[in-house]
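> build me a structure from this.
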Amino acid sequence: ESLASGIRLDLYRLLVRKGPDGMVAGDIANALELPPTNTSFHLKALTQAGLVTVEQEGRFQRYRANLTLMADLIGYLTDECCSGNPGQCLDQRVASGRAGNGPRGQRAVTRVKPRTSQAR
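Residues are numbered from 1 along each chain as shown. Next up, the predicted model:
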């Protein structure tokens, strides 16, 4: 539900691209051309869902995507939904036309390395 909003998905994607450095709220609002109040509203929802972390830096708040949670989710989906074979999911995604658009409109496909068996 937290990523069902197009704005929240855009926010999350931006923070994932920024990696561990994250971004301060004002820079996020500017990058996505959103009013600061709307940005804060959506960042709060992502933070409450655990998808984003926030850290006070002086008078600014720095937001970061929870990359550990994202990696765990990718690992789970690969293990459980793709039967440990990411190529199987990749084939279904490409066949359905849901692969992400890359530069100049080309379809970009990201291959996920399967996780090794670990006690969970």
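
> just the helices in this structure please.
6-18, 25-32, 36-48, 67-76, 86-96 (DSSP state H).

> adding mean pLDDT, write the ones you listed out as TSV.
Conversion of the helices of the chain to TSV gives the following (pLDDT from 0 to 100):
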stretch	mean pLDDT
helix 6-18	94
helix 25-32	96
helix 36-48	95
helix 67-76	89
helix 86-96	63
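
> among these, which comes closest to residue 56?
Among the helices of the chain, the nearest to residue 56 by C-beta to C-beta is helix 25-32 (11.2 Å). C-betas here are computed from N, CA, C, even on glycine.

> buried ones in the closest one, by neighbour count?
Within helix 25-32, the residues scored as buried using 16 or more other C-beta atoms under 10 Å are 25, 27-29.

> contact partners for residue 64?
15, 18, 20-22, 52-55 (C-beta atoms under 8 Å, 6 or more residues apart in numbering).

> nearest to residue 60, out of the helices of the chain?
Smallest distance to residue 60 across the helices of the chain (C-beta to C-beta): 7.1 Å, for helix 25-32.

> kindly export the closest one (C-alpha atoms) in CSV.
Taking Å, rounded to 0.1, in the frame of the first residue of the first chain, the C-alpha atoms of helix 25-32 are listed here in CSV:
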residue,chain,number,x,y,z
ALA,A,25,13.8,16.7,2.3
GLY,A,26,14.1,20.0,0.5
ASP,A,27,16.3,18.4,-2.2
ILE,A,28,13.8,15.6,-2.6
ALA,A,29,11.0,18.1,-3.1
ASN,A,30,13.1,20.0,-5.7
ALA,A,31,14.2,16.9,-7.6
LEU,A,32,10.6,15.7,-7.9
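
> helices or strands up against that helix?
In terms of contacts (3 or more C-beta pairs under 8 Å, 6 or more residues apart in numbering; DSSP states H and E), helix 25-32 is packed against helix 6-18, helix 36-48, strand 60-65.

> domain assignment for this protein?
The record, using automatic domain parsing to delimit domains, assigns the chain the ranges 6-65, 68-105.

> ok, the nearest residue to residue 23 once chain neighbours are set aside to residue 7 distance?
Sequence neighbours aside, residue 63 is the residue nearest to residue 23 in space, at 6.1 Å (criterion: C-beta to C-beta, 6 or more residues apart in numbering). For residue 63, the distance to residue 7 (C-beta to C-beta, to the nearest Å) stands at 14 Å.
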